[in-house]
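Colleague: Show me the folded form of this:
(chains A and B)
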There are 2 protein chains.
Amino acid sequence: MRIALLGGTGDIGEGLALRFARDTDHEILIGSRDPEKARDAVASYEDELAERGADASVKGFANEMAADRADVVVLSVPPYYAGDTVEAVADSLDEDTILVTPAVGMQGDEDGLHYHPPGAGSVTELVAQRAPDAVPVVGAFHNLAADALSDLDNDLDLDTLVVADDGDAKKRVLDLANEIEGLRALDVGPLANAAEVESVTPLVINIAKYNEDMHDVGVKWV
Amino acid sequence: MRIALLGGTGDIGEGLALRFARDTDHEILIGSRDPEKARDAVASYEDELAERGADASVKGFANEMAADRADVVVLSVPPYYAGDTVEAVADSLDEDTILVTPAVGMQGDEDGLHYHPPGAGSVTELVAQRAPDAVPVVGAFHNLAADALSDLDNDLDLDTLVVADDGDAKKRVLDLANEIEGLRALDVGPLANAAEVESVTPLVINIAKYNEDMHDVGVKWV
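Modeller: Got it, this is the predicted structure:
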């Protein structure tokens, strides 16, 4: 399978790219608005993986081209770019391409971070609204700390929550997420349940802020 | 210390009453709008505790009287009664009484449960608005499954998140929650951070709905 990480040079993109590359046999395509930047990121990811003896396939492209070649497209871009990025690559998406969105809208103040969803109810649902109708949209990987993911020396023991209206697409993303070592994927139903999933992201950041030794804290549903 | 559980005949009240009674040396006061109902609940809790050889002090009162005698008052009532219950017992509260609120506003549909906060931003903040100014309000125990709490054969291994603007009151509730065996209390800052904490309650119920063998699921921040 080919997995494109749009915005794959950013923090959550880096973590997912490294984990997918190390732990699975899938081809990883790093997308960026600037293909040169994508290729620079690939070089650095390859160094990181080679140091660990991982035999991985990672390539860099412009976002559109990465999306065009992929079976699964992960929108690892900041939330305010999520809708525009979907539209920029819309011609490269079709019913056989699963679009995965991990982005979360947040606003900060002196107290901490607060969940700040768009009018669609959640960034996940916003992405579904902006995507071509036939394209199955899946929300996943929302609550993972980027630093915890991208540090390959860090053994994960975390859960990720998955929402989608399309049962087949959801099943494929659940399976894919479970391929990452130490990650357990749980079904939380349809896209309408995304807001409560996204809302955990500012919460983990607030827990990290108010508790020593909980930097990069994650979540287990037990 | 005396801990009053207003609405202590209900499901979350029962669980907290049994755990506090078994695991701590505090006096437990069960409050209800109907004192007869409170005393019936006490009889049943005492049987439950005696079966386990727990030497506990549990007494039943009308809500106002329970609040009047307590150092910590837990508003274990449904969210739509939280504000009115605070006002009903307001004369029994003072600056030396910590008011603890575990209630969460939710709405359900065919997809699952959704977070539905009041205009105040969260039930926790609503309680703070309705409480007399001098009374320190603490949000805690929001995300615990009532059945998991009230089954004393069930060993807890869970976290609870605590928010408050009053640092001393927050510290006392953190300590109190940590006295429950298997429960770890974490600070998540001021009351303004309550919404993201409350929002986890519909999420755990949705996780239970969509995953087999996850009835009464709880959360660990790891």
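Colleague: who does the longest helix along chain A touch, helix- and strand-wise?
Modeller: Using DSSP state H to define each element, chain A has its longest helix at helix A:35-51. Counting contacts by 3 or more Cβ pairs under 8 Å, 6 or more residues apart in numbering or on different chains; DSSP states H and E, helix A:35-51 is packed against helix A:11-23, strand A:27-32, strand A:58-62. Every C-beta, even on glycine, is put in place using the N, C-alpha and C of the backbone.
Colleague: Select, out of these, the one closest to chain B.
Modeller: Nearest of these to chain B, taken as Cβ to the nearest Cβ: helix A:11-23 at 16.8 Å.
Colleague: Give me the angle between the closest one and strand A:58-62.
Modeller: Angle of helix A:11-23 versus strand A:58-62, following axes from the mean of the first three to the mean of the last three Cα atoms, to 10 degrees, is 150 degrees.
Colleague: can you list contacts of helix A:11-23?
Modeller: Residues from elsewhere that reach helix A:11-23 (Cβ atoms under 8 Å, 6 or more residues apart in numbering or on different chains): A:3, A:5-8, A:26, A:28, A:30, A:41, A:45, A:48-49, A:52, A:54, A:56-58, A:74, A:76-77, A:102, A:141, A:144, A:146-150, A:152, A:156, A:179-181, A:183.
Colleague: Show me which of these are buried.
Modeller: In those, burial by neighbour count holds for A:3, A:5-8, A:26, A:28, A:30, A:41, A:45, A:48-49, A:54, A:56, A:58, A:74, A:76-77, A:102, A:141, A:144, A:146, A:148-150, A:152, A:156, A:180, A:183, counting by 16 or more other Cβ atoms under 10 Å in any protein chain shown.
Colleague: Just the ones of those in helices?
Modeller: Short answer: these in helices (DSSP H) are A:Ala41, A:Tyr45, A:Glu48, A:Leu49, A:Ala146, A:Ala148, A:Leu149, A:Ser150.
Colleague: and the residue lying closest to the fourth one once chain neighbours are set aside, what is it in contact with?
Modeller: Once its chain neighbours are removed from consideration, A:Leu49 has its nearest residue in A:Ala56; the separation is 4.9 Å (Cβ to Cβ, 6 or more residues apart in numbering or on different chains). When contacts are counted by Cβ under 8 Å, 6+ apart, A:Ala56 is found next to A:Ala21, A:Arg22, A:Ile28, A:Glu46, A:Leu49.
Colleague: And A:Ala88, by the same measure?
Modeller: Counted by Cβ under 8 Å, 6+ apart, A:Ala88 has contacts A:Asn63, A:Glu64.
Colleague: ok, now the one 5 residues further on?
Modeller: Taking Cβ under 8 Å, 6+ apart as the definition of contact, the neighbours of A:Leu93 are A:Ala67, A:Val73, A:Val86, A:Leu99, A:Ala131, A:Pro132, A:Val135.
Colleague: Try it again at 6 Å.
Modeller: Taking Cβ atoms under 6 Å, 6 or more residues apart in numbering or on different chains, we find A:Leu93 in contact with A:Pro132, A:Val135.
Colleague: Pull up the per-residue confidence for it.
Modeller: Note for A:Leu93: predicted pLDDT of 96.
Colleague: That one and A:Val127, how far apart?
Modeller: Going from A:Leu93 to A:Val127 by Cβ to Cβ, to the nearest Å gives 11 Å.
Colleague: Between the contacts of A:Ala56, which sits nearest A:Val222?
Modeller: A:Arg22 (26.3 Å; Cβ to Cβ).
Colleague: any idea how far the residue with the largest distance to the centre of chain A is from B:Leu174?
Modeller: Distance from the centre of chain A peaks at A:Glu110, with 27.4 Å (Cα atoms, centre = their mean). To B:Leu174, A:Glu110 is 21 Å away according to Cβ to Cβ.
Colleague: and what of A:Ala4?
Modeller: Per Cβ to Cβ, A:Ala4 is found 45 Å from B:Leu174.
Colleague: more neighbours, these two?
Modeller: A:Ala4 (30 against 18; other Cβ atoms under 10 Å in any protein chain shown).
Colleague: which residue packs closest to that one, ignoring adjacent ones?
Modeller: Counting by Cβ to Cβ, 6+ apart, the residue nearest A:Ala4 is A:Ala70, at 3.5 Å.
Colleague: Confirm that A:Leu99 lies within a strand, as I assumed.
Modeller: Yes: assigned with DSSP: H, G, I helix; E, B strand; the rest coil, A:Leu99 falls within a strand.
Colleague: doesn't A:Val137 make contact with it?
Modeller: Yes: judged on Cβ atoms under 6 Å, A:Leu99 makes contact with A:Val137 at a distance of 4.9 Å.
Colleague: Mind listing the shared neighbours of the two?
Modeller: Common neighbours of A:Leu99 and A:Val137, counting by Cβ under 6 Å, 6+ apart, are A:Ala131.
Colleague: buried set for the host helix or strand of A:Ala177?
Modeller: According to DSSP states H and E, A:Ala177 maps onto helix A:167-178. For helix A:167-178, the neighbour count (16+ other Cβ under 10 Å) marks A:Ala169, A:Lys170, A:Arg172, A:Val173, A:Leu174, A:Leu176, A:Ala177 as buried.
Colleague: next one: stretch A:13-26
Modeller: A:13-24, A:26.
Colleague: what do you get for stretch A:59-77?
Modeller: By neighbour count with 16+ other Cβ under 10 Å, stretch A:59-77 contains the buried residues A:59-70, A:72-77.
Colleague: State the distance from the residue nearest the centre of chain A to A:Val137.
Modeller: Central residue of chain A (Cα atoms, centre = their mean): A:Pro102, 4.2 Å from the mean position. Distance, A:Pro102 to A:Val137, using Cβ to Cβ: 12 Å.
Colleague: Great, nothing more from me.
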